[in-house]
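just a sequence and a predicted model for now, questions to come.
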Amino acid sequence: MTQALPVLVEAAPPPTSPPSEPLVLEHAHPSIGGLDNRKVLMWAFLGSDCMFFGTLIATYMVYKNRSIDGPLPREIFDIPYTSVSAFVLLLSSLTMVLALSSLQRGEERRMRVWLIATALLGTVFLGGQFYEFTTFYHEGLTLSRNLFGSTFFTLTGFHGTHVAIGVFWLLALAAHSFRGRLHREHSLLLEIAGLYWHFVDIVWILIFTLVYLIPD
Amino acid sequence: MAVVTAPAAPVEPVAPVGHTDGLVVAPPSIVDPAYQGLWSWLTTVDHKRIGILYGISAATFFVIGGLEALVIRLQLWEPNNTWVSAQMFNSLFTMHATTMIFLAIMPMGLLFFNYLIPLMIGARDVAFPRLNAFSYWTFIMGGILLNLSFLLGGAPDAGWFGYANLTTRTYSPGPGIDFWMIGLQVLGVASLAGALNFFVTIVNMRAPGMGFMRLPIFVWMSLITMILLLLAFPSITVGLILLMFDRFFETNFYSVPHGGDPVLWQHLFWVFGHPEVYILILPAMGIVSEIIPVFSRKPLFGYAVMVYSGIAIGFLAFGVWAHHMFAVGLGPIADAVFASSTMLIAVPTGVKIFNWIATMVHGSVSFKTPMLFAVGFISMFIIGGLSGIMHASPPADLIQHDTYFIVAHIHYVLIGGSIYALMAGVYYWFPKMSGRMMNETLGQWNFWLFTIFFNLTFMPMHWTGLLGMPRRVYTYDADLGVTLLNKASTIGAIGLGVAVLLFLINVIVSLRQGEIASADPWDGATLEWSLPSPPPAYNFAQIPTVHSRDAWWGMKHPERLHLDPIEPASPVGAAPAHATEQAHEVVPTARAGAQAAVIHMPSPSFWPLVVSVGLLITACGVLFVDLLGSVALPIFLVIGLMVMIGGIFGWSYEPA
């Protein structure tokens, strides 16, 4: 229905000679910087998201060791378990790169395999986080139990939400590809999703190091 | 995709070099009558229309915030007054500040960002027109949420910076704080989307030749503002999320019995809050930097230094936040560091002030209304800046903290700074936006009344504060000796209201019967003046090529291109060649018989509005728990999320 409202500014006078291709002036003229608008948007958004996670991580660090009562991190963290889950997420960055490079070479079947593998690895990570949260809950750590619970669940929960959004995004791209709408010339779409995905992985490296690995 | 047809560009193959017609041949805006009406405004993605929507909304909220201020002043007319209850007074000053900052001054800046940035950089629209509409509608939803609180169980009453742990459930059980924190988060979404959009627009959509050091200074200051928005808003977003979790899920972030620290909120808030004041003032500085050169008939003095000092202000903005917290007791080292960085920020600000003055020196200055407001900005902002340096010193700040001295300071920088410049901007660009001039006589009256009553209101507050009257207390005792000063402030506030009313009357009268404006009534220097007033929907029939700083001035006077000493990209002789070459690009098309050039503009879309409404419904779910019981939450959440997701899908699958 929106198409019914053309902004016809002035009727063109009837052409005197057979009309050739009209001069088409696109709304978005080629960018002066040479980068696609959407890519610059994603970079700027990630800059903002850096501050978002930076603030959450700072909150965690400020409140570290300030819980009045337990359970405390050293009592419930299972480092080997979370290491595996971190490895799974990092592996998904590799498959993401492989998916993008496949699409850039025009190998769409291979791209779909890597894309779905990336989404699957992300899902495995989310499943691992769900299991971890459940275990912690049964050991008495809740959002309201102590400062550790509040800061830990908030920080890792927001990271998990980012991963979940990423998984949906990758699956949407995969669906796009299965319907034959994601070709070599659209590899920018995959690249932008990849930027987001790598960013979320990098944030996890920080969280894993600062929250899990560095002892109290 | 809406198709706009414009007659093909220059049909004079031998257009004289630098001839204005050679560059812009767009006809006056003859908008299809079918594309008028309410629906067209609800679905618009045109940056100029969205800008006007921002302006109207901001003016409306400005009037609401102003009325709140008048009630505050009337309550303080005499000692021990009980006309307004203490509780109501708390809500009034909280909503006055929140409204003025988030719903009036910031969106008034967005009027200018929206309307001017694409015109000044030679673009047809912003980078993401539908995202732009989404920003506007989300801003409206946030404003509605905040003000709904008056009707639904009490407005927020914890001050505009809502210090923890006053805001926790224990001390603020009512829904007011819920409205405040959810409303601000919705506004944060709008700001983030807008900032991303304008950042990309400025970085990517500049016309050929418009290098960074040729950007109009207003665009430069806008770019810095966008970076501040992108980097500062996450901090308050996190602060508000933690507050929301504390209130709804009983987390312990600001809960002292569980080891939480209320000072965390102060840090998170002011890490956002101080950049926020530069978000309010940098666009104002940009506006003034555009106006003063035009009315002094001189190029801006020290363009490059103006840019660098703007960057310096933006950079330092992140290193001064704790000067709001000297009274917390952060210790001598933190106090000393933040005091020094705060004083340091006076340097780039001072540089700007001297540059504006130097621009006027030896110029042929004409004091039309825009210039009056611009000069008023400089003088009033100096007063606010000086009191700012006073409380940059911790010992002095401990005396002035939480008194009316601070109220005087913030109003000298926000009214004397931002509002003066925004009014200057309205007087300056009104002809471009409406096609009519604003009434000059009313404008002069407007300026002098505004200036006299502004000073009558806020100058006495310096003394009121130093004599010991605390801010945010609903009354005062006669023994304090501030009765007369308060009466002066109240009279001033009423006069200020009259001056603002005069401004609104001027806008309405001028819209109907103002003198018809030419395309370039002030003989301006920036590209928006190269277009008809008001500009056509597609802005530029042909994207201009920029050869100098002050691009439009350079096009009008190509013989004087040496005015651009830093980047002599087109020597005097080269510009003609380039202009001719440009004309040749178009002429063959005209000869080939395609009489009209087809400009593809984005179609109107209602999906941005749908997504914003979904966001509003979702937010209402959280807010109406108190009113309708816990059933409300899942119902509103599900409906809201469905509307949002549906809107996003519609948006994604709509041909752009």
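Nice, I can see it.

three-state assignment of A:Arg181?
Recorded secondary structure, A:Arg181: coil (DSSP: H, G, I helix; E, B strand; the rest coil).

what is the burial count for it?
A:Arg181 has 11 neighbouring residues, counting by other Cβ atoms under 10 Å in any protein chain shown. C-beta: built from backbone N, CA, C; applies to glycine.

what does the one 4 residues further on give?
Neighbouring residues of A:Glu185 were enumerated by other Cβ under 10 Å; the total is 9.

low-scoring stretches of chain A, by residue?
Low-confidence segments of chain A, defined by pLDDT under 70, span residues A:1-33.

tell me which stretches of it form helices.
For chain A, the helices defined by DSSP state H occupy A:37-62, A:73-76, A:79-104, A:108-138, A:147-178, A:187-207.

now do the same contact list for the closest residue in space to B:Ile72 that isn't next to it in sequence.
Nearest non-adjacent residue to B:Ile72, counting by Cβ to Cβ, 6 or more residues apart in numbering or on different chains: B:Leu92, 5.4 Å away. Residues in contact with B:Leu92, defined by Cβ atoms under 8 Å, 6 or more residues apart in numbering or on different chains, are B:Glu68, B:Val71, B:Ile72, B:Val84, B:Ala155.

which one of those is nearest chain A?
Set against chain A, the nearest of those by Cβ to the nearest Cβ is B:Ala155 (27.7 Å).

on the three-state scheme, the closest one is what?
Following three-state DSSP, B:Ala155 is assigned to coil.

ok, now the one 4 residues further on?
Using three-state DSSP, the three-state assignment for B:Gly159 comes out as coil.

ditto for the one 3 residues further on
Assigned state for B:Gly162: coil (three-state reduction, three-state DSSP).

and it, backbone torsions?
The phi/psi pair for B:Gly162 (degrees, to the nearest 10) reads phi 40, psi 60.

ok, how many other residues are close to it?
With neighbours defined by other Cβ under 10 Å, the count for B:Gly162 comes to 22.

which pLDDT does the model give the residue of the stretch 351-500 of chain B found nearest chain A?
Residue nearest to chain A within the stretch 351-500 of chain B (Cβ to the nearest Cβ): B:Gly435, separated by 15.6 Å. As predicted, B:Gly435 sits at a pLDDT of 93.

I'd guessed it sits against B:Ser533; true?
Yes - using Cβ atoms under 8 Å, B:Gly435 is in contact with B:Ser533, at 4.7 Å.

these two: which is more packed in?
Using other Cβ under 10 Å, the more surrounded residue of B:Gly435 and B:Ser533 is B:Ser533, with 23 against 19.

contacts only, for the more buried one.
B:Ser533 is in contact with B:Pro431, B:Lys432, B:Met433, B:Ser434, B:Gly435, B:Ala517, B:Ser518, B:Ala519, B:Pro521, counting by Cβ under 8 Å, 6+ apart.

hang on, it in a strand?
No - looking at B:Ser533 with three-state DSSP, it is coil, so not inside a strand.

pretty sure B:Ile50 sits against B:Ala133.
Yes - here B:Ile50 reaches B:Ala133: they are 6.1 Å apart, a contact under Cβ under 8 Å.

now do the shared contacts for the two.
Residues touching both B:Ile50 and B:Ala133 (Cβ under 8 Å, 6+ apart): B:Thr44.

run through the residues that contact B:Met644.
So B:Met644 contacts B:Val611, B:Gly614, B:Leu615, B:Thr618 (Cβ under 8 Å, 6+ apart).

wait, B:Met108
By Cβ under 8 Å, 6+ apart, B:Met108 lies in contact with B:Tyr54, B:Gly55, B:Ala58, B:Ala59, B:Phe62, B:Leu422.

and for the closest residue to A:Leu98 other than its chain neighbours, the neighbour number?
Among residues not flanking A:Leu98 along the chain, A:Trp114 sits closest, at 4.4 Å (Cβ to Cβ, 6+ apart). A:Trp114 has 21 neighbouring residues, counting by other Cβ under 10 Å.
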